[in-house]
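Asks: Fold the following.
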Amino acid sequence: MAAYVPPGWPTGVHPPGSTDFEGTAVAWLLDVVPPDYRLYGVLRRHPVALATMARHHVAACVQGARQGYRSARTELGGALPAHGVDAVLAAYRTEGRRLVDTERAVDLVGRALRGEVFSPRLRTEKAR
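Replies: Below is the predicted model:
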């Protein structure tokens with residue numbers, strides 16, 4: 001029976017408990033953080049530390065994208081035509097969704113590296 005992975009689990013990362021879960025998790029996390037993080041052997045030796053640093057990094061990126069979105073019209077309104085500002089806002093929306101998805105995936109991988117076991121949840125209907 002294959003290990004269960006929750007919605008939002010990153011593509012390419014093997015399920016927890018499977019062969020090379022840790023190796024694929026480390027490789028994926030290193031793709032999430034800035035390239036210079038690869039210089040620190042401690043992050044490969046201690047994947048939980050890498051996941052923690054990745055969580056902080058991605059959270060900062062989400063915060064930065066949100067701030068950029070909120071201030072784009074003010075900061076760029078005089079420098080770009082209206083359609084240019086609209087295109088920048090569209091890019092922020094797309095990138096923001098990607099970053100939030102990445103933030104969730106980093107959280108899931110970090111929890112799995114700490115030993116959390118995921119199991120499917122039963123869906124219940126909402127009371128009317």
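Asks: any idea how far the longest helix seen in the chain is from the chain center?
Replies: With residue count as the measure and DSSP state H as the assignment, the chain has helix 82-113 as its longest helix. Taking Cα atoms, centre = their mean, to the nearest Å, the mean C-alpha location of helix 82-113 is offset from the chain mean by 8 Å.
Asks: list the helices and strands it packs on?
Replies: When contacts are defined as 3 or more Cβ pairs under 8 Å, 6 or more residues apart in numbering; DSSP states H and E, helix 82-113 sits against helix 21-32, helix 47-76. Heads up, the C-betas are built off the backbone N, CA and C, glycines and all.
Asks: How about the residue nearest to the spatial centre of the chain, nearest residue that isn't a chain neighbour?
Replies: Geometric centre of the chain, nearest residue: residue 102, 1.9 Å, by Cα atoms, centre = their mean. Sequence neighbours aside, residue 58 is the residue nearest to residue 102 in space, at 5.5 Å (criterion: Cβ to Cβ, 6 or more residues apart in numbering).
Asks: Low-confidence regions, this structure specifically.
Replies: Where the chain drops to pLDDT under 70, the residues are 1-2, 123-128.
Asks: Make sure the residue nearest to residue 102 is actually in contact with residue 106.
Replies: Yes - between residue 58 and residue 106 there is a contact under Cβ atoms under 8 Å: 5.3 Å.
Asks: neighbour count winner among those two?
Replies: More neighbours sit around residue 106 than around the other of residue 58 and residue 106, counting by other Cβ atoms under 10 Å; the figures are 26 against 22.
Asks: what's the neighbour count on the residue nearest to residue 32 when sequence neighbours are not counted?
Replies: Excluding the flanking residues, the one nearest residue 32 by Cβ to Cβ, 6+ apart is residue 54, at 5.0 Å. Using other Cβ under 10 Å, residue 54 has 26 other residues around it.
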